[in-house]
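**Student:** Structure of the sequence below:
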Amino acid sequence: MKILIYVHKRDVISGNITNYYTHSRPQTSNWPDYVKVEISRDEFIRLEDNKFDKENRDQWLVEQYNRNRLAEEMIDNIDQIESDQDNQPFAD
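**Tutor:** Residues are numbered from 1 along each chain as shown. Predicted structure coming up:
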């Protein structure tokens, strides 16, 4: 079985698919930069697993960071953790 997906040209060139669409090209201004590629069932499952694992991992880290914090100290996404660590009073 083969599966058709749309990926950005840079992902095709690099060989590392980071984002993909299954039904059609994205409805953004850079839609011409997306191409249709054919992948195997196993490759598609691997992409889905990687996507699921990263989303869950990031959400879990945010939830752990927000535990026992005041509402104004809580963060919304994983990128805020790194910037917040630089503001610690005894950081190296």
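
**Student:** what bits of this structure have low per-residue confidence?
**Tutor:** 52-55, 82-92 (pLDDT under 70).

**Student:** can you point me to the longest helix in it?
**Tutor:** Criterion DSSP state H: the longest helix present in the chain is helix 41-66.

**Student:** buried sites along it?
**Tutor:** For helix 41-66, burial by neighbour count (16 or more other Cβ atoms under 10 Å) applies to 44, 47, 62, 65. Where you see a C-beta, it was placed from the backbone N, CA and C, and this is true even at glycine.

**Student:** Likewise for stretch 3-12?
**Tutor:** 3, 5-8, 11.

**Student:** Farthest pair within those?
**Tutor:** 3 and 8 (17.1 Å; Cβ to Cβ).

**Student:** Ends of stretch 18-25, what's the gap?
**Tutor:** 15 Å (Cα to Cα, to the nearest Å).

**Student:** Next, the residues that contact that stretch from outside, please.
**Tutor:** 3-8, 11, 31, 34, 47 (Cβ atoms under 8 Å, 6 or more residues apart in numbering).

**Student:** go with 10 Å
**Tutor:** 3-8, 10-11, 26-27, 31-37, 39, 44, 47-48, 50-51, 54 (Cβ atoms under 10 Å, 6 or more residues apart in numbering).

**Student:** try stretch 57-70
**Tutor:** 73-81, 84-85.

**Student:** Surely residue 46 and residue 3 touch.
**Tutor:** No - using Cβ atoms under 10 Å, residue 46 is not in contact with residue 3; the gap is 11.6 Å.

**Student:** hey, what's in contact with both of these two?
**Tutor:** 39-40.

**Student:** Could I get the buried residues of stretch 3-12 in CSV, plus columns for secondary structure and distance to residue 22?
**Tutor:** Formatted as CSV, the buried residues of stretch 3-12 follow (DSSP: H, G, I helix; E, B strand; the rest coil; distance: Cβ to Cβ, whole Å):
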residue, secondary structure, distance to residue 22
3, strand, 8
5, strand, 6
6, strand, 8
7, strand, 11
8, strand, 14
11, helix, 15
